[in-house]
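*Asks:* Prediction below, plus the sequence it came from.
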Amino acid sequence: STDARATIKNVPVNVEYNATYQNLDLEIIDMDIETVDVTVTGPRSVFGNLPKDDIIVYPQFSNVRVAGKYVLALNAVKTSAIMEYQIESLSNYQVTARFDSVIEKTFPVEIDISNITIPGEYMVDKIYATPESVTITGPEKSVSLISKVVATVEAQEISQTAVLDAKLTMYDETETEIDSTFFTYDQSEFTVTVPILKEIVVPVKVEYINTPEGFDVSTFNVEFSKEKVDIA
């Protein structure tokens with residue numbers, strides 16, 4: 001029968017096939033494309049039963065030696081010799097990939113509640129984050145820049161103790177935010193607990209005990225270092 005042509009859409013780029021970069025303790029941090037379309041030729045009857053995973057599209061990693069960005073050629077191979085078809089072309093013949101060593105490091109979680117508004121008659125007790133520390137895994141170049149990790153909460157007003165969802169933000173030594181796109185964490189949820197106390201202000205007074213009967217206590221000249229006390 002006459003050969004026909006067909007296009008298999010969205011065949012994934014397989015970064016595990018012949019992955020020599022892994023011997024260098026490198027990982028692929030990101031790629032500009034993740035799938036390609038593969039055009040094949042052969043008997044028409046073959047195409048209806050041709051599974052997508054019968055074709056492996058993979059980058060050539062032979063030029064990868066150190067961390068950095070590389071433009072890699074793409075190859076395609078059949079995993080089965082039974083299907084009588086040929087790979088004719090790819091929609092892309094190269095992929096741009098960034099490689100880096102992946103490390104993990106643990107940081108204490110600092111708290112920023114500057115967005116929170118508290119009514120005047122209330123006060124904030126000791127706040128704390130859950131968890132109190134986080135282990136971050138990511139590209140060595142980025143993780144090494146982290147100076148502090150801060151849990152921030154959305155702007156809102158609260159008048160009672162609240163457990164608020166928090167977002168982690170990483171900063172370098174210059175207080176510049178670090179791109180966290182390629183970071184992963186050992187925890188999936190982070191919260192900040194904000195204990196709220198009712199606050200009142202009361203005057204300081206003095207009372208005497210065991211004074212002689214009829215004694216005029218007003219003769220004592222009493223002065224207080226603070227005339228009022230805040231109580232929460």
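*Replies:* Noted; the coordinates are in hand.
*Asks:* Let me see the mean pLDDT of the host helix or strand of residue 98.
*Replies:* When secondary structure is defined by DSSP states H and E, residue 98 falls within strand 94-100. For strand 94-100, mean pLDDT rounds to 95.
*Asks:* Tell me which other helices or strands the lowest-mean-pLDDT helix or strand in the chain touches.
*Replies:* Ranking every helix and strand in the chain by mean pLDDT, DSSP states H and E puts helix 44-47 at the bottom, with a mean of 78. On a contact count with 3 or more Cβ pairs under 8 Å, 6 or more residues apart in numbering; DSSP states H and E, helix 44-47 meets strand 4-12. Quick note: C-beta positions are derived from backbone N, CA and C, even for glycine.
*Asks:* Adjacent strands (with direction) for the strand it packs on?
*Replies:* strand 35-42 (antiparallel) (DSSP bridges).
*Asks:* in the strand it pairs with, what counts as buried?
*Replies:* Using 16 or more other Cβ atoms under 10 Å as the test for burial, strand 35-42 gives 36, 38, 40, 42.
*Asks:* do the same with stretch 94-102
*Replies:* The neighbour-count check on stretch 94-102 (16+ other Cβ under 10 Å) flags 95, 97, 98, 99, 100, 101, 102 as buried.
*Asks:* Kindly report the same for stretch 171-190.
*Replies:* The neighbour-count criterion (16+ other Cβ under 10 Å) identifies 171, 178, 180, 182, 183, 185, 190 as the buried residues of stretch 171-190.
*Asks:* which among those gets closest to residue 67?
*Replies:* residue 182 (12.8 Å; Cβ to Cβ).
*Asks:* That closest one and residue 99: what is the separation?
*Replies:* 12 Å (Cβ to Cβ, to the nearest Å).
*Asks:* what do the two both touch?
*Replies:* residue 29 (Cβ atoms under 8 Å, 6 or more residues apart in numbering).
*Asks:* thinking again about what came up before, quick one: contacts of the helix or strand following the least confident helix or strand of the chain?
*Replies:* With elements assigned by DSSP H and E, the helix or strand that comes after helix 44-47 is strand 55-59. Contact with strand 55-59 is made by 8, 11-15, 17-18, 36, 38, 40, 72-79, 87, 90, 95, 97, as judged by Cβ under 8 Å, 6+ apart.
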